[in-house]
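Novice: Okay, predicted coordinates and the sequence, questions at the end:
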Amino acid sequence: MNRRHTVVDSPYGPLTLVATDGALSGLYMTAQRHRPPEETFGDPDPRPFREVVRQLDAYHARELTEFDLPLHLAGTPFQRGVWEQLRRIPYGETRTYGELAEMLGRPGASRAVGLANGKNPVGIIVPCHRVIGASGGLTGYGGGLDRKQRLLTFEGALGSAAPDEGALFQVLEGWRSFSDGHTGC
């Protein structure tokens, strides 16, 4: 298995990109939950990431709403199924964990969906930030709820206005109730 990595700047801080055998296998934010150890990322080499960087730049410039990249996603069959459903959530829209479970034909598996969502190794590109709690509140995100809120606002899923204190309280309450069993992406 040939692994390479590079670090690129983004509006959400540095992103570590990892490729396995030439396909993107990781996109990790600073201090991200479930971030693998650096020694597993392989040698530094920006060459395998030219198209990834081009598409990320186009996304951040609002010129791209759907990524088209070869991915190497290592996970269980259930996790890979969840990640495939995440890729079907349109730009600017959200789904709940329960809706994802129903899309998978497992309506009682919202907790398992949340756990699989949290193990997504390619955030932003596999848009786990587009999953919200059943009440409509923001819930766990491995890159931090502030980044999740910024991504959803950027995509227009939350509107463009900054939340008021009541909305921030709702986000924090949503996180507390969700973090008891879900890890989010």
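Specialist: On my side now, so go ahead.

Novice: Can you report how many residues neighbour residue 81?
Specialist: By other CB atoms under 10 Å, the residues close to residue 81 number 18. Placement of C-beta: from N, CA and C, glycine included.

Novice: residues contacting the closest residue to it other than its chain neighbours?
Specialist: The shortest distance from residue 81 to any residue other than its chain neighbours is 5.7 Å, reached at residue 104 (CB to CB, 6 or more residues apart in numbering). Residue 104 is in contact with 81-82, 85, 113, counting by CB atoms under 8 Å, 6 or more residues apart in numbering.

Novice: got it, and residue 103?
Specialist: Here residue 103 is in contact with 85, 88, 95 (CB under 8 Å, 6+ apart).

Novice: From those, list the buried ones, please.
Specialist: 85, 95 (16 or more other CB atoms under 10 Å).

Novice: right, and out of the contacts of residue 103, which lies closest to residue 68?
Specialist: Nearest to residue 68, judged by CB to CB, of the contacts of residue 103 is residue 88 at 13.8 Å.

Novice: coming back round to it: taking the contacts of residue 104 one by one, which sit in strands?
Specialist: Counted as lying in strands by DSSP state E, out of these, is not a single one.

Novice: Between all of these, which two are separated the most?
Specialist: 81 and 113 (9.4 Å).

Novice: just the helices in the chain please.
Specialist: Assigned by DSSP state H, the chain shows helices spanning 50-60, 77-87, 97-103, 110-118, 145-155, 165-178.

Novice: Just name the most buried of the ones you listed.
Specialist: With neighbours defined as mean count of other CB atoms under 10 Å, the helices of the chain peak in mean count at helix 110-118, which reaches a mean of 22.

Novice: closest to residue 19 out of the helices of the chain?
Specialist: Of these, nearest to residue 19 by CB to CB is helix 50-60, at 8.1 Å.

Novice: residues in contact with that closest one?
Specialist: 8, 10-11, 15, 17, 24, 27, 46, 64-65, 67-69, 124-125.

Novice: Quick one: mean pLDDT over that helix.
Specialist: Here helix 50-60 scores 96 as its mean pLDDT.

Novice: Over to stretch 100-119?
Specialist: Stretch 100-119 shows a mean pLDDT of 92.

Novice: Quick check: end-to-end length of that stretch?
Specialist: Terminal residues of stretch 100-119 are spaced 15 Å apart (CA to CA, to the nearest Å).

Novice: gap between the residue nearest to the spatial centre of the chain and residue 43?
Specialist: With distances taken as CA atoms, centre = their mean, the residue of the chain nearest its centroid is residue 123 (2.9 Å). When distance is defined by CB to CB, to the nearest Å, residue 123 is 23 Å away from residue 43.

Novice: quick one on the thing from earlier: reformat the helices of the chain as TSV; add distance to residue 2.
Specialist: Shown next, in TSV, are the helices of the chain (distance: least, CB to CB, whole Å):
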stretch	distance to residue 2
helix 50-60	16
helix 77-87	21
helix 97-103	32
helix 110-118	26
helix 145-155	30
helix 165-178	37
